[in-house]
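K.L.:
Compute the structure for the input listed below.
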Amino acid sequence: MARRRRGGGGGGGDSRKPTPSEQQSQPQTGKKAQQKREKEKEKEKDNEKEKKSQDFNDASNLKKLKREKKNWSCIDSCCWFIGSICSIWWFLLFLYNAMPASFPEYVTTAITGKIPDPPGVKLQKEGLKAKHPVVFVPGIVTGGLELWEGHPCMDGLFRKRLWGGTFGELYKRPLCWVEHMSLDNETGLDPPGIRIRPVSGLVAADYFAAGYFVWAVLIANLASIGYEEKNMYMAAYDWRLSFQNTEVRDQTLSRMKSNIELMVATSGEKVVVIPHSMGTLYFLHFMKWAEAPPPLGGGGGGDWCAKHIKVVMNIGGPLLGLPKIVAGLFSAEAKDIAVARAVAPGVLDKDIFGFQTLQHAMRMTRTWDSTMSLIPKGGDTIWGTLDWAPEHGHDCSTMKVKPNDTLPPKDQNKKGNFHASKVNYGRIISFGKEFAALHSSKIDRVDFKDAKKGYNFGNTTCRDAWNEYHDMGIPGVEAILDYKVYTVESVLDLLQFVAPRMMKRGSAHYSYGIADNLDDQKYQHYKYWSNPLETRLPDAPEMEIFAMYGVGLATERAYIYKFTPGADQCYIPFQIDTSADGGIEESCLKSGVFSVDGDETVPSLSAGFMCAKGWRGKTRFNPSGIQTYVREYDHAPPATLLEGRGTQSGAHVDIMGNFALIEDIIRVAAGANGKDLGGDRVYSDIFKWSERIKLQL
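P.N.:
As a prediction, this is how the structure comes out:
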């Protein structure tokens with residue numbers, strides 16, 4: 001019989017109890033799992049710590065970099081900037097030298113079209129060759145001046161240019177520069193211990209500054225037909241001095257005479273003389289000096305000019321003076337300076353770094369006696385009265401390169417002429433816009449010539465930038481304001497009143513009237529020789545004279561002034577009133593300046609009248625009937641930047657690069673005369689204006 005199992009019961013499950021060893025293995029397995037989990041957690045924590053540590057290190061490095069960037073200095077930036085510029089420059093220079101010589105011309109031609117040959121090349125192809133020796137006579141400010149003796153502040157600059165070139169010494173030592181460029185206020189010659197002399201040779205005035213040509217383009221074109229230094233002569237002179245003093249101090253007139261005689265003797269041909277700007281007045285003086293007997297003249301005799309001069313080709317010649325010079329002598333400004341002064345007054349008329357710009361400019365320029373040769377000549381007969389001027393009715397809209405196309409032509413003319421009829425050009429200075437327009441019968445004026453000046457010695461600091469307004473005082477200034485409007489004749493009295501020392505020197509060297517009787521012995525004095533209305537042309541019937549000048553540009557003719565009280569006693573009390581404006585685009589009045597037709601510097605009336613009427617035919621100013629021609633060059637601006645200053649410019653200096661003018665000069669130098677060129681070529685109203693002037697001829 002089978003035995004019954006213990007703990008019987010059915011069920012089919014395993015009812016066996018775990019053994020002790022099994023009971024021990026179960027908690028050990030749980031502990032291992034738990035320990036494993038704890039290790040994993042610790043590992044995760046370690047990873048997180050590492051990550052945080054790495055992030056911290058990265059942040060520290062970033063902060064360090066930021067700190068390093070903050071420590072970047074201006075010197076580092078400048079060095080990198082200069083290094084970059086130099087690298088780019090050398091790279092471009094390498095490309096320029098590596099490219100074919102024809103490439104720049106190819107690019108220019110692709111943009112602007114085929115470039116015409118320069119006049120010299122064109123005429124050389126036609127077979128023209130050098131014939132007559134050529135004499136250049138530069139104008140004011142264009143000739144270089146160099147130091148021969150100076151004060152300690154100019155040490156190390158022996159024979160370095162103080163005028164022309166880079167003007168570096170002006171920026172480095174302005175007060176010392178002004179001191180050396182000024183002449184003696186009593187003698188008009190060198191101050192003690194200072195000697196500045198003109199640069200000699202063709203380089204004296206070929207460029208005024210780097211890249212800014214004066215005579216260089218004309219010289220290069222003349223060279224194309226065979227000219228060289230032996231048959232070209234630059235009659236350089238110290239343009240600051242009075243004309244006669246250039247002979248007294250430097251014997252410049254004698255040198256010019258000797259060089260002309262040498263060139264005529266060696267070539268067998270008379271010379272072609274080409275004066276520019278003030279050089280036209282200087283050469284007019286020279287022609288009288290060359291024929292006049294010693295000691296005042298060169299002793300060449302009455303036929304010297306007839307024997308030595310073929311033609312005089314005056315370029316931009318202010319033969320009757322400049323209204324612009326009146327503003328310069330009166331307030332040391334003109335239109336451009338007045339506008340700059342209005343935009344940034346502190347730069348020009350306040351004490352900046354101890355240098356009062358306009359005051360020092362006035363102090364310096366009032367010692368330059370040459371400037372007084374440019375004061376308008378002929379008085380009210382030439383330049384107009386309070387209610388009349390030869391240019392009356394001039395339409396300033398004709399000087400616009402691009403007229404206003406939004407108006408019909410009829411309305412444009414009506415608008416321009418309406419305003420032009422109100423311009424009183426004869427009033428060269430008006431104190432207030434209202435007095436520029438009122439009829440003279442409605443203006444109550446008080447004569448200033450005998451007014452007492454209120455001398456003020458309270459402030460002597462002005463002596464470094466001395467001007468004669470300081471000694472006039474308020475009573476003198478008020479006397480000028482009370483006169484209200486000035487014509488050319490009364491301007492002479494005005495300058496005598498405000499700058500007596502300057503005018504005392506000037507009156508010894510220049511005259512500004514019209515001769516009643518040219519046979520009067522007083523006109524043998526050199527002070528009359530540069531005034532075409534007080535001297536005769538040489539007895540040289542075969543000689544020719546050209547008036548060559550630009551037109552189509554707004555040119556200063558008259559001014560509206562205002563009184564400006566200053567904070568100190570050194571100020572200049574009068575300024576051009578730049579707020580005075582005509583109100584319409586075609587107006588002749590802009591920024592306090594009335595404009596007329598000309599070359600931006602010389603009005604057409606001054607440049608053209610003598611050849612259009614005063615010397616035309618046999619007159620008392622031209623008894624031998626020297627043939628005269630008027631050749632005007634209508635201004636056209638450069639078409640592109642690649643054209644530079646333009647080949648059709650009529651501007652006062654830029655005209656020296658005008659292809660039409662250069663061609664005229666080369667043809668005459670090669671043997672042509674005025675008739676071969678076609679006679680007169682006129683775009684302005686110069687003949688109409690000249691006929692309005694009632695001058696005894």
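
K.L.:
Would you map the helices across the stretch 151-300 of the chain?
P.N.:
168-172, 174-181, 216-223, 243-250, 252-267, 279-291 (DSSP state H, counting those that start in this stretch).

K.L.:
for the stretch 301-450 of the chain, that is, sorry about that
P.N.:
304-308, 323-331, 335-343, 345-349, 357-365, 379-383, 409-420, 433-437.

K.L.:
for the residue found closest to K590 once you drop the neighbours it is linked to in the chain, helix, strand, or coil?
P.N.:
Closest residue to K590 apart from its sequence neighbours, by CB to CB, 6 or more residues apart in numbering: D581 at 6.0 Å. C-betas here are computed from N, CA, C, even on glycine. For D581, the assignment made with DSSP: H, G, I helix; E, B strand; the rest coil gives coil.

K.L.:
What is the burial count for D581?
P.N.:
Using other CB atoms under 10 Å, the number of residues around D581 comes to 15.

K.L.:
you'd agree it is up against V593?
P.N.:
No. Contact criterion CB atoms under 8 Å: D581 and V593 do not qualify, at 9.9 Å.

K.L.:
re earlier: any idea which of the helices of the stretch 151-300 of the chain is most buried?
P.N.:
helix 279-291 (a mean of 25; mean count of other CB atoms under 10 Å).

K.L.:
which other helices and strands contact that one?
P.N.:
Helices and strands touching helix 279-291, by 3 or more CB pairs under 8 Å, 6 or more residues apart in numbering; DSSP states H and E, are strand 134-137, helix 243-250, helix 252-267, strand 271-275, helix 304-308, strand 309-315.

K.L.:
rerun that using 6 Å as the cut-off
P.N.:
helix 252-267, helix 304-308 (3 or more CB pairs under 6 Å, 6 or more residues apart in numbering; DSSP states H and E).

K.L.:
Which among the ones you listed is found nearest to F431?
P.N.:
With CB to CB, the closest approach to F431 among the helices and strands packed on helix 279-291 belongs to helix 252-267: 40.6 Å.

K.L.:
a helix runs through Y549, doesn't it?
P.N.:
No. Counting by three-state DSSP, Y549 is not part of a helix but strand.

K.L.:
Show me what it is bridged to.
P.N.:
E632 (DSSP bridges).

K.L.:
Could you do the one 5 residues further on as well?
P.N.:
When bridges are taken as DSSP bridges, the partners of A554 come out as D597.

K.L.:
what angle sits between the helix or strand where L147 lies and helix 174-181?
P.N.:
Applying DSSP states H and E as the criterion places L147 in strand 145-149. Here strand 145-149 points in a direction 90 degrees away from that of helix 174-181 (axes from the mean of the first three to the mean of the last three CA atoms, to 10 degrees).

K.L.:
where exactly do the helices run in the stretch 451-600 of the chain?
P.N.:
469-483, 488-498, 500-507.

K.L.:
Can you flag the weakest of the ones you listed by average pLDDT?
P.N.:
Among the helices of the stretch 451-600 of the chain, helix 469-483 carries the lowest mean pLDDT, a mean of 85.

K.L.:
mind checking the SS state of A672?
P.N.:
For A672, the assignment made with three-state DSSP gives coil.

K.L.:
pLDDT value on it, please?
P.N.:
97.

K.L.:
repeat for D539
P.N.:
pLDDT, D539: 97.

K.L.:
My guess is it contacts P623. True?
P.N.:
No. Contact criterion CB atoms under 6 Å: D539 and P623 do not qualify, at 7.1 Å.

K.L.:
residues contacting S604?
P.N.:
551, 597-598, 684, 686 (CB atoms under 6 Å, 6 or more residues apart in numbering).

K.L.:
before we move on, back to that, who does the strand holding L147 pair up with?
P.N.:
Per DSSP bridges, strand 145-149 is paired in its sheet with strand 161-163 (antiparallel), strand 195-198 (antiparallel).

K.L.:
looking at the ones you listed, which is buried most?
P.N.:
Ranked by mean neighbours (mean count of other CB under 10 Å), the strands paired with strand 145-149 are led by strand 161-163, with a mean of 21.

K.L.:
could you give the mean pLDDT of that one?
P.N.:
Rounded mean pLDDT across strand 161-163 is 92.

K.L.:
ok, so what distance separates R37 from R197?
P.N.:
104 Å (CB to CB, to the nearest Å).

K.L.:
of the helices of the stretch 451-600 of the chain, which approaches K618 most closely?
P.N.:
Of the helices of the stretch 451-600 of the chain, nearest to K618 by CB to CB is helix 488-498, at 27.7 Å.

K.L.:
hey, C-alpha coordinates of that closest one in CSV?
P.N.:
The C-alpha trace of helix 488-498 is given here as CSV (Å, rounded to 0.1, in the frame of the first residue of the first chain):
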residue,chain,number,x,y,z
VAL,A,488,33.2,151.7,-58.0
GLU,A,489,34.3,155.3,-57.6
SER,A,490,33.1,155.5,-54.0
VAL,A,491,34.6,152.1,-53.2
LEU,A,492,38.1,153.7,-53.8
ASP,A,493,37.2,156.2,-51.0
LEU,A,494,35.9,153.3,-48.9
LEU,A,495,39.1,151.4,-49.1
GLN,A,496,41.1,154.5,-48.4
PHE,A,497,38.9,154.9,-45.2
VAL,A,498,39.2,151.4,-43.9
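
K.L.:
Could you tell me how far it lies from the centre of the chain?
P.N.:
27 Å (CA atoms, centre = their mean, to the nearest Å).

K.L.:
What's the local residue count around L92?
P.N.:
Neighbours of L92 (other CB under 10 Å): 10.

K.L.:
actually S649, not the one I typed
P.N.:
26.

K.L.:
Then the one 5 residues further on?
P.N.:
Neighbours of D654 under the rule other CB under 10 Å: 24.

K.L.:
in the stretch 51-200 of the chain, which ranges drop under the pLDDT threshold?
P.N.:
51-74, 96, 99-115 (pLDDT under 70).

K.L.:
and P638, what does it touch?
P.N.:
With CB under 6 Å, 6+ apart, P638 has these contacts: G646.

K.L.:
ok, the residue nearest to K590 to F574 distance?
P.N.:
19 Å.

K.L.:
swap in P133?
P.N.:
47 Å.

K.L.:
more neighbours, the two?
P.N.:
For P133 versus F574, neighbours defined as other CB under 10 Å are more numerous around P133 (26 against 23).

K.L.:
Double-check that one against V272; I have them as touching.
P.N.:
No. Judged on CB under 6 Å, P133 makes no contact with V272 at a distance of 7.3 Å.

K.L.:
Of the helices of the stretch 451-600 of the chain, give the one that comes closest to G298.
P.N.:
Of all the helices of the stretch 451-600 of the chain, helix 500-507 comes closest under CB to CB, at 23.3 Å.

K.L.:
Tell me the gap between that closest one and the middle of its chain.
P.N.:
27 Å.

K.L.:
returning to that earlier point: which of the helices of the stretch 451-600 of the chain is buried the deepest?
P.N.:
helix 488-498 (a mean of 20).

K.L.:
Just name whatever secondary elements that one is in contact with.
P.N.:
Secondary-structure packing of helix 488-498 (3+ CB pairs under 6 Å, 6+ apart): helix 379-383.

K.L.:
For the helix it packs on, what is the distance to the chain centroid?
P.N.:
For helix 379-383, the gap between its own C-alpha mean and the chain's C-alpha mean amounts to 28 Å (CA atoms, centre = their mean).

K.L.:
quick one: low-confidence parts of the stretch 201-350 of the chain?
P.N.:
336, 338-350.

K.L.:
So for T252, which of the strands paired with strand 145-149 sits nearest?
P.N.:
When the strands paired with strand 145-149 are compared (using CB to CB), the closest one is strand 195-198, at 7.7 Å.
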